[in-house]
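**Student:** no sequence for this one, just the structure:
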């Protein structure tokens, strides 16, 4: 009591006593706040999401009996380089945006449960950064947690063919690109039976937005051995659910090889060659005349519709592509014996028709029956009138 009295009435002892009282009050307040916040926690956590996906930014306040007056959200991202408030939740007004509406954000927490969680949909690379959730309590003030948001960007994958011409020097055959991925993609080749005959080179380029483009090329000597062989580009990335495999058929370009003309059906001929790209075929005749009505041409095929001697001659099949041309010849000869047989059969047919007509005529006129009787001997001689000598002999006998 004496100390208190001296603090109030003594000019010399008032100041030291006052400051001791302030310190005591602050100490007591700190002890009270420490007791209130002893078990208090704000729970958040790191989050990772694939570009274009949806993520929940968790924020939960637990183990406190203080009064919650506001929940605030701040962010610093690739698109927002300064830390700023962008979202608040009040007990009366509810959730609202601070500086511009962004419909991708949705409050999914419950204020009375001290839950300030947000949901972000259609996430872009510009959303990557750090989000801060702040709870304002009375009397202890602000309590916060940071939620780092990491973005995964799947690569844009492609193959670019570099078809070479047949040769004996190593060249680039195909390039596989895994563009703008985060983290960088791994690119490798599966070459099967061509292992040891092909080699690869791989390089990466990092972009300002944090993505990386990886390029891998396949090299080899352009030969017919590797033409039309299938290889695979395999791309691995954390943003992909599984490995991505791109199949590629190696193409080596070369002109047509020797052209072979073969008879594949009766009176039909076909040109055969090997070329890449496939050859186009043209049929010609040596004298430049072309009996359109007697032949039919369809690509590599030549069909003779009428085997006549006027088709005799030398025919040419030409195979060509952008890298060269090859030709082969066919000499067609239709024998004249074929015509003789034709006319002989025609004459025999005419004779048969005439014979049948004659028989029909004899049948209808009755002459055919008489001919049969004469041949068989059944026909009686026809009576004839007596001649003068016969009458003379008759008179002499009478004498």
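**Tutor:** Everything's here; your move. In this text the structure is predicted, and so the values were computed from the model without any measurement.

**Student:** ok, for residue 106, nearest residue in space, not its chain neighbours?
**Tutor:** Distance criterion C-beta to C-beta, 6 or more residues apart in numbering; nearest residue to residue 106, sequence neighbours excluded, is residue 119 at 4.7 Å. For the C-beta atoms, the positions are set from N, CA and C on the backbone; glycine is no exception.

**Student:** who touches that neighbour in this structure?
**Tutor:** 54-57, 105-108 (C-beta atoms under 8 Å, 6 or more residues apart in numbering).

**Student:** So it versus residue 62, what's the distance?
**Tutor:** 20 Å (C-beta to C-beta, to the nearest Å).

**Student:** likewise residue 91?
**Tutor:** For residue 91 relative to residue 62 (C-beta to C-beta), the value is 18 Å.

**Student:** which regions of this structure lie under the pLDDT threshold?
**Tutor:** Within the chain, the segments meeting pLDDT under 70 span 1-38, 291-293, 335-346, 350, 362, 366-399.

**Student:** redo that, cut-off 80
**Tutor:** 1-39, 265-266, 286-294, 306-311, 333-399 (pLDDT under 80).

**Student:** quick one, domains of it?
**Tutor:** When the chain is parsed with automatic domain parsing, its domains come out as 41-152, 156-249, 260-332, 337-369.

**Student:** Show the end-to-end separation of the second one, please.
**Tutor:** I take that to be domain 156-249. 20 Å (C-alpha to C-alpha, to the nearest Å).

**Student:** Distance from it to the middle of the chain?
**Tutor:** Computed by C-alpha atoms, centre = their mean, to the nearest Å, the chain-centroid distance of domain 156-249 equals 17 Å.

**Student:** try the third one
**Tutor:** With C-alpha atoms, centre = their mean as the basis, the distance from the averaged C-alpha position of domain 260-332 to the chain average is 37 Å.

**Student:** cool, and stretch 44-63?
**Tutor:** The answer for stretch 44-63 is 36 Å, by C-alpha atoms, centre = their mean.

**Student:** List the buried residues for that stretch?
**Tutor:** For stretch 44-63, the neighbour count (16 or more other C-beta atoms under 10 Å) marks 44, 47, 49-51, 55-61 as buried.

**Student:** again, but for stretch 66-86
**Tutor:** Applying 16+ other C-beta under 10 Å to stretch 66-86 flags 66, 68, 70-75, 77, 86 as buried.

**Student:** now do stretch 181-197
**Tutor:** 181-182, 184-187, 189, 191, 194.

**Student:** could you dump these to CSV with secondary structure?
**Tutor:** Shown next, in CSV, are the buried residues of stretch 181-197 (DSSP: H, G, I helix; E, B strand; the rest coil):
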residue, secondary structure
181, strand
182, strand
184, coil
185, coil
186, strand
187, strand
189, strand
191, coil
194, helix
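
**Student:** can you count the residues close to residue 310?
**Tutor:** 10 (other C-beta atoms under 10 Å).

**Student:** and it, how far is that from residue 289?
**Tutor:** Taking C-beta to C-beta, one finds residue 310 at 9 Å from residue 289.

**Student:** do residue 45 as well
**Tutor:** 88 Å.

**Student:** who touches stretch 188-201?
**Tutor:** So stretch 188-201 is contacted by 173, 176, 216-221, 225-226, 229-234, 236 (C-beta under 8 Å, 6+ apart).

**Student:** If you go by neighbour count, which of these are buried?
**Tutor:** 173, 176, 216-218, 220-221, 226, 229, 231, 233.

**Student:** Can you list the buried residues in stretch 233-250?
**Tutor:** Those would be 233, 235, 237, 239-240, 244, 246, 248, 250, for stretch 233-250 by 16+ other C-beta under 10 Å.

**Student:** er, stretch 301-313 I mean
**Tutor:** Neighbour-count burial for stretch 301-313, counted by 16+ other C-beta under 10 Å, picks out 301-302, 304, 311.

**Student:** Among those, which ones are in strands?
**Tutor:** 301-302, 304 (DSSP state E).

**Student:** out of those residues, who's nearest residue 272?
**Tutor:** residue 301 (10.6 Å; C-beta to C-beta).

**Student:** who's the closest one bridged to?
**Tutor:** Listed beta-bridge partners, residue 301: residue 270, residue 298 (assigned using DSSP bridges).

**Student:** Provide a list of residues in contact with it.
**Tutor:** 264, 268-271.

**Student:** Could I get the full set of helices for the stretch 251-399 of the chain?
**Tutor:** 337-365, 367-376, 388-398 (DSSP state H, counting those that start in this stretch).

**Student:** repeat for the stretch 1-150 of the chain
**Tutor:** 2-9, 14-36.

**Student:** which non-adjacent residue is nearest residue 267?
**Tutor:** Counting by C-beta to C-beta, 6+ apart, the residue nearest residue 267 is residue 304, at 4.2 Å.

**Student:** wait, isn't that neighbour in contact with residue 268?
**Tutor:** Yes - using C-beta atoms under 8 Å, residue 304 makes contact with residue 268 at a distance of 7.3 Å.

**Student:** Mind picking the two most distant members of the buried residues of stretch 233-250?
**Tutor:** 239 and 250 (29.3 Å).

**Student:** okay, the buried ones among the contacts of stretch 188-201 in TSV with secondary structure next?
**Tutor:** Compiled in TSV, the buried ones among the contacts of stretch 188-201 are given as follows (three-state DSSP):
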residue	secondary structure
173	strand
176	strand
216	strand
217	strand
218	strand
220	strand
221	coil
226	coil
229	coil
231	strand
233	strand
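
**Student:** Would you quantify the distance from the nearest residue to residue 45 once chain neighbours are set aside to residue 106?
**Tutor:** Excluding the flanking residues, the one nearest residue 45 by C-beta to C-beta, 6+ apart is residue 58, at 5.6 Å. Using C-beta to C-beta, residue 58 is found at 14 Å from residue 106.
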